[in-house]
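In: test case, fold it:
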Amino acid sequence: MKTKILTLVLIGVFIIQCHSTQQVQADLKNQIIDLFPGATVEAIAFGEPYQGAYKVKLPQFLNHNNPELGTFDQYIYLYHTDYAAPVHLETGGYDAYLAEREISKNLGLNLIIVEYRFYGESKPDNIPWEYLTNDQAVEDYHRINQAFRKVYKTGKWLTSGISKGGETAMIYKSKYPEDADVVVPFVAPIILDTADVRPWELVNRVGSSDCRQKVKNLQKRLLQNKKEVLNLMLETTRADSLTFEIGHEVALEYAILEYPFSFWQWNGDCSQIPDEKASLDSAFRYLNGVSGVSNFSDQSYESGLPSYYQHMRELGYYVMDTTDLSEWLSQDRYSHRVFAPKGVDLTYNDEYMAAVKNYVENQGEQMIWIYGGLDPWAGCAVEPKGKSTMKFVKPDGTHRTRIKDLDSLQQKQIYDSLRVWLVEN
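Out: Residues are numbered from 1 along each chain as shown. Reported below is the predicted structural model:
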């Protein structure tokens, strides 16, 4: 009898919980539609600690300075925990991706993921390049922030982003300081030129001299045997139906020159580098796995246009380092400008990111930066001087470095600070 009663009680609790969750979802959906007239809201899967989740197609202004010019569909993803909980707004730099976010999960925050304008599903058929600016993107985030403050009225706000998304988080903070109580950029550089040399300066000093020499030797071997390697490349690219407007030879050279950057950015495992005894075929396949020739194909060119446009106009980038390799190359300079849109203004604004750097380093508060020591982009890391700011560098970390990759004491320091800044104050 007791067992039956307990079972009935558990069933009752389950029904009440399901009804409560369904009610939260229905209320939240209606609130989103009220916030953004014309938006469509679709329920999506979610797990703990969330009570509901939605994919929102938001009519976003092409030009926030002149809303009458029309809108494009911008996608955001809302994961709801509690109306009183803080909000974690992720400023993605590219397409949105749905995966676990360590901060929001560990602290039980509401999470809003915003796909960057003109990337992924948030891309109009014909991109109006003049509106693909960081200032316009910041206005997207500001509008979303201000609207959702009507839903989440009591909690504080944290903004974070990875790589280019981390750059966006810093830019956003510099433009609207009051929108975020806390900012956590992951592996986010501040680049100051379209030919910034600092990433290569790091590449040329990171790791051991033996490992750096192995990297250089592989580059030389592939270039010295370029004719044979080109044949290997053609076999691969034909099988994948890849085409190259810049030509197969130049594309191969870009891949070989990119190799040191990608090697340290993503792996840094010297034991994997093929030595001179390895076949040329295995050496090329290894290269293709680290800095694939497909990255320089017409097919990748199309998807990369927005990114290269922004890097050439405001964010900055690097050119390839050809030191000790020039005699085997077909060009004098290898700039990523060639992968940017054609027939548009690509004049670089050298003051834009310099102003952001000045703000976050000298005026930023309650900001935490995380970098991987092997990652070339760490050569463009910030040097914070403001109050309540922290910077962590994992010495053998790559561009994949996150809080979970730091040592236990550093993790505790970060989460203790986040709890104080977001919950206890």
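
In: pretty sure residue 188 sits against residue 171.
Out: No: contact criterion CB atoms under 8 Å: residue 188 and residue 171 do not qualify, at 10.1 Å. (C-beta placed from N, C-alpha, C; glycine too.)

In: burial count for residue 133?
Out: Residue 133 has 18 neighbours, counted by other CB atoms under 10 Å.

In: got the phi and psi for it?
Out: Main-chain torsions, residue 133, degrees, to the nearest 10: phi -120, psi 160.

In: nearest residue to it in space, please, no chain neighbours.
Out: Spatial nearest neighbour of residue 133, chain neighbours left out: residue 314 (6.8 Å); criterion: CB to CB, 6 or more residues apart in numbering.

In: just give me how far stretch 168-181 sits from the chain centre.
Out: Relative to the chain's own centre, stretch 168-181 is displaced by 16 Å; criterion: CA atoms, centre = their mean, to the nearest Å.

In: for the stretch 301-425 of the chain, which segments count as strands?
Out: 367-372, 389-394 (DSSP state E, counting those that start in this stretch).

In: need the winner for burial among those strands.
Out: Burial of those is given as mean neighbour count (mean count of other CB atoms under 10 Å); strand 367-372 ranks first at a mean of 25.

In: which strands and helices sit next to that strand?
Out: Contact partners of strand 367-372 among helices and strands, from 3 or more CB pairs under 8 Å, 6 or more residues apart in numbering; DSSP states H and E: strand 182-186, strand 389-394, helix 408-419.

In: now distance to residue 29 too, for the strands of the stretch 301-425 of the chain, in CSV please.
Out: Formatted as CSV, the strands of the stretch 301-425 of the chain follow (distance: least, CB to CB, whole Å):
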stretch, distance to residue 29
strand 367-372, 33
strand 389-394, 38
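
In: any chance of these in CSV, plus mean pLDDT?
Out: Listed next are the strands of the stretch 301-425 of the chain as CSV, based on pLDDT from 0 to 100:
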stretch, mean pLDDT
strand 367-372, 98
strand 389-394, 97
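
In: mind telling me what element the residue lying closest to residue 86 once chain neighbours are set aside is part of?
Out: Once flanking residues are discounted, residue 86 sits nearest to residue 155: 4.0 Å by CB to CB, 6+ apart. Per DSSP states H and E: residue 155 is located in neither a helix nor a strand.

In: isn't residue 155 right up against residue 108?
Out: No: at 10.6 Å, residue 155 does not count as touching residue 108 under the criterion of CB under 8 Å.

In: find residues that contact each of those two.
Out: Contact criterion CB atoms under 8 Å, 6 or more residues apart in numbering; residues shared by residue 155 and residue 108: residue 85.

In: those two: which is more packed in?
Out: The residue with more neighbours, out of residue 155 and residue 108, is residue 155; 20 against 15, by other CB under 10 Å.

In: can you give me every residue that contacts the more buried one?
Out: With contact set as CB under 8 Å, 6+ apart, residue 155 has these partners: 84-87, 109-110, 422.

In: ok so, going back, surely the residue nearest to residue 133 is in contact with residue 134?
Out: Yes: if you go by CB under 8 Å, residue 314 and residue 134 touch, sitting 5.6 Å apart.

In: could you report the pLDDT at the residue nearest to residue 49 when sequence neighbours are not counted?
Out: Excluding its sequence neighbours, the residue lying closest to residue 49 (CB to CB, 6+ apart) is residue 108, at 4.8 Å. If you check residue 108, the pLDDT there is 94.

In: now do the SS call for residue 249.
Out: helix (DSSP: H, G, I helix; E, B strand; the rest coil).

In: repeat that for residue 271.
Out: What three-state DSSP gives for residue 271 is helix.

In: and it, how far from residue 114?
Out: As judged by CB to CB, to the nearest Å, residue 271 and residue 114 stand 40 Å apart.

In: which of these two has more neighbours?
Out: residue 114 (27 against 6).

In: check contacts around that one.
Out: 74, 76, 89-92, 96, 140-141, 144.
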